[in-house]
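**Q** Following is a predicted model, sequence given first.
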Amino acid sequence: MCFNNTDKQYNQFSAYLKNKFNAKVYKITIDAGFSCPNRDGTISGGGCIFCDSGGSFSQAHSRFLSVEEQIKAGVESLSQKFKAKKFMAYFQAYSNTYKPVEDLRRIYGASLSHPDVIGISIGTRPDCVDDEKLDLIKEYTRSYETWIEYGLQTIHDRTLKFINRGHDYETFLKAYDKTKSRNINVCAHVILGLPGESREDMLQTAKALADLRIDGVKIHCLCAMRNTKLAQMYENGEVRLLEEDEYVDLVCDFLELLPEKTTIHRLAGNGLQSLKVAPLWLNKKFDVLNKIDNEFINRGTRQGIKFLEK
């Protein structure tokens, strides 16, 4: 099977966008100064055990620029480097719905002011949305490729509690239902290798997302970054992180269970190398992606081969 005219055995989000807009679409990551209720003490405080000071964002200096300036700089840079012509505004750092709705209207609107921006993707937590905020985001679906990326990580409440996530799986399901009722695309972030989870636990998360017919998935390998609780636990020998071959096998197992229509937004995020404690094999992102491709070839399988329609 061919996914969006590529040689990949999974449905790449980048290829989906290129097929839809007849051009490669580049994401411009934006830091609009958001915070997180799990870091400011509103929920449990202290943040997730794996979250670093940048809120999973590698360009923290961008917060010194306005949203419009970040978009302009991103368009200019990507146009010069890659001859890019179409772009998506990507709100990545922290929880990007964690402000009053009128602030969100101003911030999101600023990111869509450039004529070559064709879409918006908003990363947030499922406990940071409500009807008013989702109604606002629904407005953009009329003219823009519109996504909300929810940090789910796992469906298992015991794990969510252990990593100090601050919400349960039911919270994600409620947010998902409200979001989909407004025809907004949903991408779920998942972490493989979370402490205490077996292979079957991780594949149960895949099966649950498959049952939801999730629009997109972003898969991460659990990574210990400097100055996080996870890094301290790792250095104390309290947790074990996945080896590369384990991760490659798990990713392929995971994708085989997802529907073919589910777009895959990421398979090997590697974060800032200067802050990474482990696993260091993640520094070679393209090697990991090539090994995933080769594993699918060796298996003779693809995304969706084990997905069972109900």
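**A** Nice, I can see it.

**Q** Contacts only, for residue 121.
**A** By Cβ atoms under 8 Å, 6 or more residues apart in numbering, residue 121 lies in contact with 27, 88-91, 146-149, 187. (Each C-beta comes from the backbone N, C-alpha and C, glycine too.)

**Q** Spell out the secondary structure type for the nearest residue to residue 249 once chain neighbours are set aside.
**A** Spatial nearest neighbour of residue 249, chain neighbours left out: residue 295 (6.8 Å); criterion: Cβ to Cβ, 6 or more residues apart in numbering. Under DSSP: H, G, I helix; E, B strand; the rest coil, residue 295 falls in the helix class.

**Q** Poorly predicted segments of the stretch 101-250 of the chain, please.
**A** Within the stretch 101-250 of the chain, not a single segment meets pLDDT under 70.

**Q** element containing the spatially closest residue to residue 195 that is not a sequence neighbour?
**A** Excluding its sequence neighbours, the residue lying closest to residue 195 (Cβ to Cβ, 6+ apart) is residue 239, at 4.8 Å. Under the criterion DSSP states H and E, no helix or strand holds residue 239.

**Q** where along the chain do the strands fall?
**A** Secondary structure of the chain (DSSP state E): strands located at 25-30, 86-91, 117-124, 145-153, 185-192, 216-221, 224-225, 263-266, 276-278.

**Q** chain center to the fourth one, what's the gap?
**A** Centroid separation between strand 145-153 and its chain, computed with Cα atoms, centre = their mean, to the nearest Å, is 7 Å.

**Q** Tell me the strands beside it, with direction?
**A** Paired neighbours of strand 145-153 in the sheet (DSSP bridges): strand 117-124 (parallel), strand 185-192 (parallel).

**Q** quick one, the first one and strand 86-91 angle?
**A** It stands for strand 117-124. Angle of strand 117-124 versus strand 86-91, following axes from the mean of the first three to the mean of the last three Cα atoms, to 10 degrees, is 20 degrees.

**Q** what are the C-alpha coordinates of strand 117-124, in PDB please?
**A** Taking C-alpha atoms only, strand 117-124 is exported to PDB below (Å, rounded to 0.1, in the frame of the first residue of the first chain):
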ATOM      1  CA  VAL A 117      -0.100  30.600   6.600                       C
ATOM      2  CA  ILE A 118      -2.700  27.900   5.700                       C
ATOM      3  CA  GLY A 119      -3.200  26.300   9.100                       C
ATOM      4  CA  ILE A 120      -2.900  26.300  12.900                       C
ATOM      5  CA  SER A 121      -2.000  23.600  15.300                       C
ATOM      6  CA  ILE A 122      -2.400  24.200  19.100                       C
ATOM      7  CA  GLY A 123      -0.700  22.000  21.600                       C
ATOM      8  CA  THR A 124      -2.400  21.900  25.000                       C
END
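
**Q** quick revisit: I'd assumed residue 250 was in contact with the residue nearest to residue 249.
**A** No: Residue 295 is not in contact with residue 250 according to Cβ atoms under 8 Å; the separation is 10.3 Å.

**Q** I'm done for today, thanks for sticking with me.
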